[in-house]
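S.K.: mind looking at a prediction? Sequence and model below.
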Amino acid sequence: MSDDTELFAMQIVGQASYANTESRRFQHRNIKPGTSECCPYSSNDCSRRGNKNMDVRIELSYTKNEGKTSGDIFYPIIPAGGYIVATGTFDQFKFERFDADHNLLHRPFLN
């Protein structure tokens, strides 16, 4: 991101059942430009089977002005070993999804 836009990311599908609570699931607020957060697929908190190719769903949203202005909410599916790269600005937000081997994912997802 190239402005003061911050991300919110929370895993909503794919973790072990005991990790399906607000306090256990992968969840990060106020992810600043140039930083990253990770939830390793080897952890049951992140991947039910410890499989890097197992699909997980993330709730992804963005804000600016210290959370006072909210953007859209997306629900992308990525492999447990994959990642999301967000780019642009608040007004031109975009993201791409990658697998664990850094291959760009082109398959569609329902939002």
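M.R.: Perfect, I can see it now. On a predicted model such as this, the values are computed, not experimentally measured, just so you know.
S.K.: remind me, longest strand of this protein?
M.R.: Of all the segments of type strand in the chain, defined by DSSP state E, the longest one is strand 55-64.
S.K.: gap between Asp72 and His102?
M.R.: As judged by CB to CB, to the nearest Å, Asp72 and His102 stand 26 Å apart. No exception for glycine: its C-beta is placed from N, CA and C like everyone else's.
S.K.: picking that back up, just checking, what packs against the longest strand of the chain?
M.R.: Counting contacts by 3 or more CB pairs under 8 Å, 6 or more residues apart in numbering; DSSP states H and E, strand 55-64 is packed against strand 6-13, strand 69-74, strand 77-79, strand 83-87.
S.K.: nearest to Asn53, of those strands?
M.R.: strand 77-79 (4.9 Å; CB to CB).
S.K.: what strands flank that closest one, and is each parallel or antiparallel?
M.R.: Strand 77-79 has its sheet partners listed here by DSSP bridges as strand 55-64 (antiparallel).
S.K.: buried residues, the strand it pairs with. List them.
M.R.: By neighbour count on 16 or more other CB atoms under 10 Å, the buried set for strand 55-64 is 56-58, 60-64.
S.K.: any residues touching that strand, and which ones?
M.R.: Strand 55-64 has contacts (CB atoms under 8 Å, 6 or more residues apart in numbering) with 1, 3-15, 46-47, 69-80, 84, 86, 90, 93, 95.
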